[in-house]
Structure formats: structure tokens, C-alpha cells
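>>> Structure, please.
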Amino acid sequence: MSQAFQSPGFAALAADRAVETRLVEERWQAVAWDLATGLRRVVTDRPGGVHLSEIEPDGDAIWWFDADSAGEGRWRREPFAGGTDGEALHGEALHGVPRGRAYGVAFDRTGALAAVAVGVDGASHCYLGPPSGEARLIGSAPGYLNLADLSPDGRLLALGGQPDGDDAVVLWSTDPRPDSPLRLAGDRRSRLWPIEFNPLAALEPELLLVVEEDERYTVATWRASTGLRRHPSLSFDSQISAGWYRGPRGVLIQHERAGRSRLLLADLAPPTAAGPTPDPAGQAPPAREINTPGGTIHDLSCAPDGTLHCVWSRESTPPRPLVLRPGAEGAADDPDPENGHTSRSRRWTPRPYGRIHSFVSTPVGPGPWPTLFLVHGGPATHDRDSYDPRVNALVDHGYAVVRTNYRGSTGYGARWQHEYGHRVGLAQIEDLAAVRAELVADGTALTERTGLCGFSWGGYLALLAMGAQPDLWSLGLAAQPIADYPAAYRTTTPALRELDRQLFGGTPDEVPERYRAADPRSYVHQVRSPVLLVASRTDERCPPDQVARYAADLRRLAVPHELLWVDGGHYSRRTADHRSVLAAMVRFAGHAWPAPLPRTPRGDRPGVPTELVEGGEQP
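Here you go, the predicted structure:
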């Protein structure tokens, strides 16, 4: 979800310097923050905004990625305090690096060396060099590899590919004449994610990882001398992220379960040469939980003094900064109480394969109401106990809003995310239909007025359901969707093609029947209710031509629809664009369901801050 700010990035060796990516006049920009004086300086003034910024370990300079609307560009660098030479302020961070997509940036311990990965022509290329100096190519590989980190001594790069593939973890030596990279392979039973190198490991690089196997998510480490080592005391039943935290063996863990976050601290057992699996007697004690209010941690960073800077929210509370001092925190602050203008509940819908979790928000008073399912994208993400201004805006217009974590969503364990037999899209809309049936039966949703609203992959599910389940849905609102899956595969980004191959078990040429079954155009002749399509001509993720063809199908079939072209690519960096899309959806829904709808008076209810309106997902 978008918010007015993200957690700052701190200079590891300069405790009073940080960089933030913040909204400045409704555009995301890089901002230098001097903690000693409290002053902030806006570093960038890009018309399309800036989404990626970093600070060098010594705090001397800010890096930011200068991207066009298609997501391609270069890293720029300028002194933390600014200057008078415009060319110097916006100079290239590394010379000799081609223009491409940002696949990661990292620094060595002191900032003397920097590494970047860029995507160019369907391949990943990794470069290394001194900041503002000439870079040299370390290596290239086909497809998508994300740069996780550069070792503190600058001698080893860690990159991540497909978690269940042969390139799950790729370790590249930065030696001018390197050997072939070392690869840690994953498979469908054991997925691997590289996180970061231990900044305090002096003798040899130590990489932190997360391993998914046996339906558990476990913290692991890797050293060349010992190989991959799992830490069984730090094993969880649903998704986690992790990072090194102060001290030589400290680890901070964020655990996501059933739409809520929690934070934990642990100390790993000392490294040994005992092999990949440690002796149980050498395990570290279990993690201790950091006291936080219930809800969602959207973003998190650690200052050099160990203070945690979070962006936190829950359903009734807009995102706000939350500063935690582990070991010194008392009781968590009681967040703002629920207001009286929205009724919120959580539903579990039982099915033979598990329980479907949904968040339901309705106007206060008796139902049933016209109901919109706000379908999340990804698919590897999930709706959370967190503030979403779109929910409030739609409830204000008299709609019940349902956010369902269908199969494929994270936060409910490995089986829920992966085990639906390559039935891409079909399994997900079955879950939406099951929740709809329950809400109709209990008097929440109006039978004849249930619709779907989605962005990106959520928009794809909306279009698929409109054709595959035409008797259930009387309205479809789809922004930046996949409308023709085989065509989208051929023209989308390399990273998303890899995701599709994982979801379907192959390419459209290898498993054409799976793509046909999951393709909204396969069912377009069955659509009979109004559809709003929102697309951008510069969308590199869900390209415009395939949306235009779907609109032409609707026009040929005389289905009521509208195709709205917007600027900003797949995910605009301008909040005004997000507001206009939401306004168009409300307008279209009002025309499709024309009977007057009650409007909830705003009273003292939290408004819809312009900087918080989300326009889509980033798979």
C-alpha cells in the first residue's frame, strides 16, 4: 500500500545521516535527512517522481534511480549536502553501466566500492566500481537476477533468482578473473531467498537466507567453509523476512500471518564447521518478540544505534511512523479506536482445502449492501489488517468492501500459496465465489449487485471472473490488468515472465492449455455485465495492446464497457493519477448500479489523504 513516507535508509558509518523517499508536492522524491539538525533537503525534482534511493555507508552521498515511465534508467549520485554544480549533483553514480531496469544496488563496508545489477534486453548484468568512477562488468546471466548484497570486503556478490530454480542463489566473485559463479539451487520442496551479508563477519563472508521447506520458513546462513546451515529454532508456519541486527549474531525477523505483522529478535548459534545441519545442542535460544501494536508493519529500517524505524497501520488507522527501541520498549501504544462510520469484520470461509480469510468493511447499519470485492494483486502478497483509503472511499459511497486472501496469497503458509495444481486464476476466482456465496447468504451482499475491483493481477482476476462466472458478478473494474495472458507473457518484463513460468509450470508454448484456461479472452464471449478497463500506453508489466484487444472484443460483443487511458505506466508515481482512477471507478459503478446509494457523512472520520490513495500493485 502506498503511504506518505517510507522508512529511512541510514548511513551505517554516519549515525546522523539518512535518506528517505517521501512525497513532495504529490510526487515521490529522494530526501536527505540530517538527524543532528532535523533538517531535510529535497534531493530530486523529477516530474515522474523517484521510487528508489540509497545512501553510501559513510553518508557522503545519496544515490537515486532516474527512471522513465517504462522503468528504465540509471543510478545518479550527489553529495549529501548538495552543491552548486548542477552536473555534479546529478552525475552518473557509476560510469559505463548501460541504461536498464534497476535490479539492485549494494556497497562494501566503507562505501569504497558499489555494485549495481541492471536488466537489459532480457538479461541481468552486474557491475562493480568506485562511486562516480568507472565500473567493470562482473558477470551476466539470462533472465532476472536481483542483487541482494555485496560482501563487506567487496569480494563476493550475492544475487537471487527463481527461489525454486537452479539460480535461487548465485554467488559471484568480484575478482577480475573470477571462476564460474557458485549456485545454490532450490526446488519445489526447498525454496531459497538470499537476504544480506553479515556486516560484522571478519574472517569470511556470511550470508543470511530464508529457506522454505516442509511447509516452514526457516532462517539460514551460508559460509563457504560450512555451506548452508539452517537454524531450526527460527522456523515459522508462514512468510518471514529477516536481517542482521547489531551484534555479530543478532537477527531481526518480521513474521506475517493472517494479515498481521510481528517483530522478533534472536541471536544465532555461533558458526561451526559441523556441516549444513547443526547439532541440536548448539541451537540458539528461541526468538523474543518485540512489543508492537496489532496491525501491519509496511516498511522497516534499523538505525546504527539499533533503533527500529517502522511505517505501521491497521484498518482504522492511517500509516504513521513508529519508532521502537528493542529492550527498552514498554507496552505498545494503543492505536486510534475504531470510528463509528465503518463496520469492520474478519471472515473465515471453510472449504475442503482450507479456510479463506477475508476482511469485510460495510457502512454502519443493516445490510444487505451493493458489494465490491477489492481484489489484491501480486499474486504473492496478501491483504492485511492495514489502512486502505480505497476501502474508506467506497464505503462512503454506500458499498460493502471485501478483501479476500485467495489461494496464492502469502501470509497463510506454503501450501496455501503454492498447492492449487497450476490452476492459475481459476483457483483464485473459486475462492472469491465461495466468499461471495457466504456474504449473500448472511445478508451482507446484495445478490444482484456484487462486483469486482482489482489492480494489476487483481484486475486480471476481475476480468477472468467476469467471463468465467458471469452469473455471479454484475460489475468489473480492472486497472492495469492482464487481459490476454499469452500475449502479456510475450511482451512483459523478464522478471514477470519468470514468475509466470513458475505459476504455470512452463511457457505458453510448453503448456498452452493452462494459459488458455487462465486467459480472460477465452471467456470474453460470456461477459454480459459492465466492465471498466484502465490502462496505460507505457505499461511495461501489463502491456497496453492486450488490453486494447480485450476492449475490442467487448465492443464487438456489445458488452457495456469503457476503456480509460491514463499516464504513468503500470504504477504511477503521482498521487493525482491514483485519485483520478479511483474517481473513475466510483463514477462507472454509479452508472452501472444507478439506484441512489446512501452516502456516509464524514463527520470526524479519518479522511482520504491524497498521498495515500493506492493505484496498483507491483508484482
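>>> Quick check: next helix or strand after the lowest-mean-pLDDT helix or strand in the chain?
Least confident helix or strand, the chain: helix 86-89 with a mean of 50, by mean pLDDT, DSSP states H and E. Downstream of helix 86-89, the next assigned helix or strand under DSSP states H and E is strand 91-92.
>>> Mind listing what's buried along the following helix or strand past that following strand?
Next helix or strand after strand 91-92 toward the C-terminus (DSSP H and E): strand 100-107. Within strand 100-107, the residues scored as buried using 16 or more other C-beta atoms under 10 Å are 100-107. The way it works is simple: take the backbone N, C-alpha and C, and place the C-beta from them, glycine included.
>>> Packing partners of strand 100-107?
In this structure, strand 100-107 packs against strand 61-67, strand 72-79, strand 114-120, strand 146-150, with contacts taken as 3 or more C-beta pairs under 8 Å, 6 or more residues apart in numbering; DSSP states H and E.
>>> if you set the cut-off to 7 Å instead, what comes out?
Where contact means 3 or more C-beta pairs under 7 Å, 6 or more residues apart in numbering; DSSP states H and E, strand 100-107 is packed against strand 72-79, strand 114-120, strand 146-150.
>>> how about CSV for those, with mean neighbour count, mean pLDDT and distance to Gln469 added?
Shown next, in CSV, are the helices and strands packed on strand 100-107 (neighbours: other C-beta atoms under 10 Å; pLDDT from 0 to 100; distance: least, C-beta to C-beta, whole Å):
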stretch, mean neighbour count, mean pLDDT, distance to Gln469
strand 72-79, 20, 95, 38
strand 114-120, 24, 97, 37
strand 146-150, 24, 97, 36
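>>> Ok, which of these comes nearest Gly443?
strand 146-150 (46.9 Å; C-beta to C-beta).
>>> and the residue nearest to Glu540 when sequence neighbours are not counted, what pLDDT?
The shortest distance from Glu540 to any non-neighbouring residue, by C-beta to C-beta, 6 or more residues apart in numbering, is to Ala70 (4.7 Å). We note a pLDDT of 77 for Ala70 in this prediction.
>>> what about Ala70, is that helix, strand or coil?
Using DSSP: H, G, I helix; E, B strand; the rest coil, the structure places Ala70 in coil.
>>> That one - how many residues pack around it?
Other residues lying near Ala70 total 15 when counted by other C-beta atoms under 10 Å.
>>> For it, give me its contacts.
When contacts are counted by C-beta atoms under 7 Å, 6 or more residues apart in numbering, Ala70 touches 538, 540, 569.
>>> what residues are up against the last one?
Going by C-beta under 7 Å, 6+ apart, Gly569 touches 69-71, 536, 538-540.
>>> Neighbour-wise, give me the winner out of the residues you listed.
Result: Ser536 is most packed of these (other C-beta under 10 Å), 26 neighbours.
>>> The nearest residue to Trp312 once chain neighbours are set aside pairs with what?
Leaving aside its chain neighbours, Trp312 sits nearest to Leu322 (4.1 Å; criterion: C-beta to C-beta, 6+ apart). Taking DSSP bridges, one obtains Cys310 as the residues bridged to Leu322.
>>> Leu322 contacts Cys310, doesn't it?
Yes: at 4.3 Å, Leu322 and Cys310 qualify as touching, with contact defined as C-beta atoms under 7 Å.
>>> for the residue nearest to Glu540, phi and psi?
In terms of degrees, to the nearest 10, the main-chain angles of Ala70 are phi -90, psi 0.
>>> State the distance from it to Leu171.
Here Ala70 is placed at a distance of 31 Å from Leu171 (C-beta to C-beta, to the nearest Å).
>>> same thing with Cys453?
Applying C-beta to C-beta to Cys453 and Leu171 gives a distance of 43 Å.
>>> Shouldn't Trp416 be within a helix?
Yes: Trp416: assigned to a helix according to three-state DSSP.
>>> Model confidence for it, exactly?
95.
>>> residue contacts, it?
354, 407, 409.
>>> in stretch 238-254, what counts as buried?
238-242, 244-246, 249-254.
>>> Just the closest of the residues you listed to Thr371, please.
Lowest distance from Thr371 to the buried residues of stretch 238-254 (C-beta to C-beta) belongs to Ser238, with 27.9 Å.
>>> how about the closest one, secondary structure?
Three-state call for Ser238 (three-state DSSP): coil.
>>> Check the burial of the residue nearest to Trp312 by counting its neighbours.
Neighbours of Leu322 (other C-beta under 10 Å): 21.
>>> Same check on the one 5 residues further on?
By other C-beta under 10 Å, 9 other residues sit near Gly327.
>>> for Ser173, same thing?
Neighbours of Ser173 under the rule other C-beta under 10 Å: 17.
>>> What of the one 10 residues further on?
As a burial measure, Arg183 scores 16 neighbours (other C-beta under 10 Å).
>>> Next, it: secondary structure please.
strand.
>>> Can you name the residues bridging to it?
Residues in beta-bridge contact with Arg183 (DSSP bridges): Val170.
>>> mind listing what it touches?
Taking C-beta under 7 Å, 6+ apart as the criterion, Arg183 is in contact with 166-167, 169-170.
>>> what does Ser151 give?
Contacts for Ser151 (C-beta under 7 Å, 6+ apart) come out as 197, 205.
>>> Swap in 8 Å and give it another go.
Under the criterion of C-beta atoms under 8 Å, 6 or more residues apart in numbering, the contact list for Ser151 reads 108, 157-158, 197, 205.
>>> farthest-separated two in these?
Largest separation among those by C-beta to C-beta: Asp108 and Ala158, giving 12.8 Å.
>>> who's more crowded, the two?
Set Asp108 next to Ala158 and count neighbours by other C-beta under 10 Å: Ala158 wins out with 27 against 21.
>>> Does that one fall in a helix, a strand, or a coil region?
At Ala158 the chain is in strand, as set by three-state DSSP.
>>> so how far is the helix with the most length in the chain from its chain's centroid?
Ranked by residue count under DSSP state H, the longest helix found in the chain is helix 575-592. Relative to its chain's centre, helix 575-592 lies at 23 Å (C-alpha atoms, centre = their mean, to the nearest Å).
>>> picking up where we left off before, got any residues that touch both of Leu322 and Cys310?
Contact criterion C-beta under 8 Å, 6+ apart; residues shared by Leu322 and Cys310: 292, 297.
>>> in the sheet, who's paired with the nearest residue to Leu207 once chain neighbours are set aside?
Distances taken as C-beta to C-beta, 6+ apart put Trp222 closest to Leu207, at 4.5 Å, once the chain neighbours are dropped. For Trp222, the beta-bridge partners are Leu207, Leu228 (DSSP bridges).
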